[in-house]
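Enquirer: Below is the structure, and that's it, no one-letter string:
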């Protein structure tokens, strides 16, 4: 029986405006939220003119993460997922911050793409809506980006992440806190311009219910309901009324509404301008409020993996199908890779996540053939680097791309040196296993590859083939001899016999 702590899960959202954490337990198949923590760090305001996070903003964020880390210190690494969003996507020194942030939190932190953020937002909202069979339009205005999604059930149909949020729009159009009619019109016009590329397509698809999530829309809804401007959610009239109140106040410091916190005031005008533009662009009269958001999406995705319902498997299968991968060959390579993996797992300190990465790279290593045979490993790496891959973080996607790039020919030392890798040695070892698995299956024979015994050290690997097998397979021997020379470039020794 699993211990209680092993069935405790935590999701951490390093948003541009606030850091959020939700902790839940899985009991009798049901998810029970046991803790929520929110800290308005406003990390987006810490980007300097060169899009670097300042040391002051970094230290503030790290202190918040240390506090969050204390709460989840005893939860297993596999049961915690933390993600960084728009600001960390933009920050030129984002990788340096992530390294320090992981130490502060005590868990890994992944930077996710805007498309992945939108998908997870929709999942979080979908899990908070009950008895709703129609399609939903989901709007999430964050600190640095706005996600707009249409979907049904738990499946998004279209999803967009736009570079506008309550923090960056407030900084751009209301930098000194002053709010005038002209500034508000300019902010709304800016947001309408960002929406221009999606509004026609979204209106054509249509939806049954409009739902808003996260802090900006919830704050506006709280104000609107408390003031009696609407009974629930946010209406078009309520947004227009609040807009007039902001302009009349002239400065956020002079805006007195009991429901509005002092920490929300500096970014309210920017968030309202974005919401105003969305209502105009999509012709909305009313938006309901959802309890779910990105952190809930992360949580349910994490629990889905625990239940062996991992969307990344579907993504890999979809990509393999899209590029007409030879599935029989991919399975053979994956089988050999897994056999080698199991033998060296302990010595090379692999875990289950590393197994998944290796097997997925084996399934996708030939997708570049859809473009051309020449240099197909490079084509495959490019496709994986630039595709939307639901469920994968940027780091996971980069690792897959590197493994596919490195699976044949000269070892791409430069690409490995230039990549930002959490554990270069581990990715290097996975690449070696994939390379060897491809070599041993190069003939594309119907005969199963031999039962090879592997013995690993940090910078070496010895392969023991059945007696006489290599003598009867001269091409494989030649390939292994070439492979040993290729691996010298990364100061790795391959022995076989």
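Expert: Sure thing, it's come through. Small disclaimer: the values here were computed from a predicted structure and weren't measured.
Enquirer: Now stretch 248-268: buried residues?
Expert: 249, 252, 255, 257, 260, 264, 265, 266, 267, 268 (16 or more other Cβ atoms under 10 Å). Every residue, glycine included, has its C-beta placed from N, CA and C.
Enquirer: do the same with stretch 220-238
Expert: Per 16+ other Cβ under 10 Å, stretch 220-238 contains these buried residues: 220-225, 229-230, 233-236, 238.
Enquirer: my guess is residue 338 contacts residue 355, does it?
Expert: Yes - when contacts are counted by Cβ atoms under 8 Å, residue 338 is listed as touching residue 355 (7.0 Å).
Enquirer: May I see the buried residues of stretch 248-268 organised as a markdown table, with pLDDT, distance to residue 404 and secondary structure added?
Expert: Written out in a markdown table, the entries for these read as follows (pLDDT from 0 to 100; distance: Cβ to Cβ, whole Å; DSSP: H, G, I helix; E, B strand; the rest coil):
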| residue | pLDDT | distance to residue 404 | secondary structure |
| --- | --- | --- | --- |
| 249 | 96 | 56 | helix |
| 252 | 94 | 50 | helix |
| 255 | 90 | 53 | coil |
| 257 | 88 | 54 | coil |
| 260 | 88 | 51 | coil |
| 264 | 91 | 45 | coil |
| 265 | 94 | 49 | helix |
| 266 | 95 | 45 | helix |
| 267 | 95 | 42 | helix |
| 268 | 96 | 46 | helix |
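Enquirer: Export those residues to CSV and append columns for distance to residue 384.
Expert: Formatted as CSV, the entries for the buried residues of stretch 248-268 read as follows, by distance: Cβ to Cβ, whole Å:
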residue, distance to residue 384
249, 50
252, 45
255, 48
257, 49
260, 45
264, 40
265, 44
266, 40
267, 36
268, 41
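Enquirer: Around the residue nearest to residue 195 when sequence neighbours are not counted, how many other residues sit close by?
Expert: With sequence-adjacent residues excluded and distances taken as Cβ to Cβ, 6 or more residues apart in numbering, residue 195 is closest to residue 281, at 4.3 Å. Per other Cβ atoms under 10 Å, the neighbour tally for residue 281 reads 19.
Enquirer: Next secondary structure after the host helix or strand of residue 281?
Expert: Applying DSSP states H and E as the criterion places residue 281 in helix 265-282. Note on helix 265-282: by DSSP H and E, the next helix or strand toward the C-terminus is strand 286-289.
Enquirer: right, and the helix or strand after that next one?
Expert: From strand 286-289 onward toward the C-terminus, using DSSP H and E, the following helix or strand is helix 294-306.
Enquirer: which stretches of the stretch 151-300 of the chain form helices?
Expert: Residue ranges of the helices in the stretch 151-300 of the chain, as given by DSSP state H, counting those that start in this stretch, are 166-173, 181-205, 215-226, 236-249, 265-282, 294-306.
Enquirer: nearest to residue 385, of those?
Expert: helix 294-306 (22.2 Å; Cβ to Cβ).
Enquirer: Check which residues of that closest one are buried.
Expert: In helix 294-306, the ones that count as buried by 16+ other Cβ under 10 Å are 294, 295, 296, 297, 298, 299, 300, 301, 302, 303, 305.
Enquirer: Report all helices and strands that the lowest-mean-pLDDT helix or strand in the chain contacts.
Expert: Taking mean pLDDT, DSSP states H and E as the measure, helix 413-418 is the helix or strand of the chain with the lowest mean score, a mean of 88. Under the contact criterion of 3 or more Cβ pairs under 8 Å, 6 or more residues apart in numbering; DSSP states H and E, the helices and strands touching helix 413-418 comprise helix 394-405, helix 424-440.
Enquirer: Show me what the longest one is packed against.
Expert: If contacts are counted by 3+ Cβ pairs under 8 Å, 6+ apart, helix 424-440 sits against helix 327-344, helix 352-364, helix 394-405, helix 413-418, strand 460-464, helix 474-487.
Enquirer: need the helices of the stretch 151-300 of the chain in CSV with distance to residue 389, can you?
Expert: What follows is the helices of the stretch 151-300 of the chain, written out as CSV (distance: least, Cβ to Cβ, whole Å):
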stretch, distance to residue 389
helix 166-173, 26
helix 181-205, 21
helix 215-226, 28
helix 236-249, 36
helix 265-282, 27
helix 294-306, 14
